[in-house]
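> Starting from these lines, generate the structure:
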Amino acid sequence: RHAAGAALDGKLDTWWEAAPGRTGGTLTLALRQPARFDVVSLQEAVDRRGQRIESFAIETWDGAAWVAARPIASDELTTVGHRRLVRLQSPVSTDRVRVRITGARLAPNLAEVGLYLQSTELLPPAIADRDADGRVAISHPDGGTIVYTTDGSAPAAGSPVYIAPLALAASGAMYTGE
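Sure thing, here's the model as predicted:
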């Protein structure tokens, strides 16, 4: 009644659910072709079944074995609830993804699972430590245009365009737009 396919049907009123009495379970996605992604979206059927998942793991198939997906440092894989977005440290390409529920209050459920590739345009710039000459370098994974200010105000379209390391005063704060 709550088969695995329900987690991929785009409806929050259907869901996969582990067998009654189980507090763990595994949902494996076998994709038609390899997908590249760095965000995994999980949603429980909270309005129908409540929040149950307390801990989980995400694994990808590397062609020979299951490998634990590496979320960014601040992402502990604990509760899911209405929606949980797990950002990975770097994009992964695979044709199989496994969500392993390792702890739940009651039989765990997943209403929806999604895989997304985050736009690198939206990532914040990386600001390097000051070098020996007091210059600071800025880079962006997308390689796009970076604008900046040195007076503490938020950058705007008319702000200077970054083209080379900046010489900054001995003290100050950096605004990264976060």
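
> residue boundaries of the strands in the protein?
Assigned by DSSP state E, the strands in the chain fall at 16-17, 25-43, 53-61, 66-68, 84-104, 109-110, 112-116, 126-127, 135-136, 138-139, 166-167.

> Give the rounded mean pLDDT of stretch 42-55.
Confidence for stretch 42-55, expressed as mean pLDDT, is 95.

> Correction: the previous question concerned stretch 90-102.
95.

> and that stretch, how far from the chain's centre?
In terms of CA atoms, centre = their mean, to the nearest Å, the centre of stretch 90-102 is set 12 Å apart from its chain centre.

> So what touches that stretch?
Where contact means CB atoms under 8 Å, 6 or more residues apart in numbering, the residues beyond stretch 90-102 that reach it are 18, 24-38, 40, 42, 53, 55-62, 66, 69-70, 108, 110, 113, 115, 117. Yep, even glycine has a C-beta here, placed from its N, CA and C like the rest.

> Same check on stretch 11-26?
Stretch 11-26 has contacts (CB under 8 Å, 6+ apart) with 2-7, 27, 43-45, 47-49, 98-112.

> ok, back up a step: return the most buried member of the strands of the chain.
Sort the strands of the chain by mean neighbour count, taking mean count of other CB atoms under 10 Å, and strand 109-110 sits at the top with a mean of 26.

> Go ahead and measure how far that one is from the middle of the chain.
In terms of CA atoms, centre = their mean, the centre of strand 109-110 is set 19 Å apart from its chain centre.

> go on, stretch 17-27?
The answer for stretch 17-27 is 24 Å, by CA atoms, centre = their mean.

> Let's see stretch 140-158 as CSV, backbone CA atoms only.
Output of stretch 140-158 as CSV, limited to C-alpha atoms (Å, rounded to 0.1, in the frame of the first residue of the first chain):
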residue,chain,number,x,y,z
HIS,A,140,34.1,32.1,-7.1
PRO,A,141,33.5,28.5,-8.3
ASP,A,142,31.4,29.6,-11.2
GLY,A,143,34.1,32.1,-12.4
GLY,A,144,31.5,34.9,-12.8
THR,A,145,31.9,38.6,-12.3
ILE,A,146,32.5,39.6,-8.6
VAL,A,147,31.7,43.2,-7.5
TYR,A,148,33.0,44.5,-4.1
THR,A,149,33.1,47.5,-1.7
THR,A,150,35.7,48.4,0.9
ASP,A,151,33.5,50.7,3.0
GLY,A,152,31.4,48.0,4.7
SER,A,153,28.3,48.6,2.5
ALA,A,154,26.7,45.8,0.5
PRO,A,155,28.0,45.5,-3.1
ALA,A,156,25.6,46.7,-5.9
ALA,A,157,25.6,46.6,-9.7
GLY,A,158,27.7,49.8,-9.8
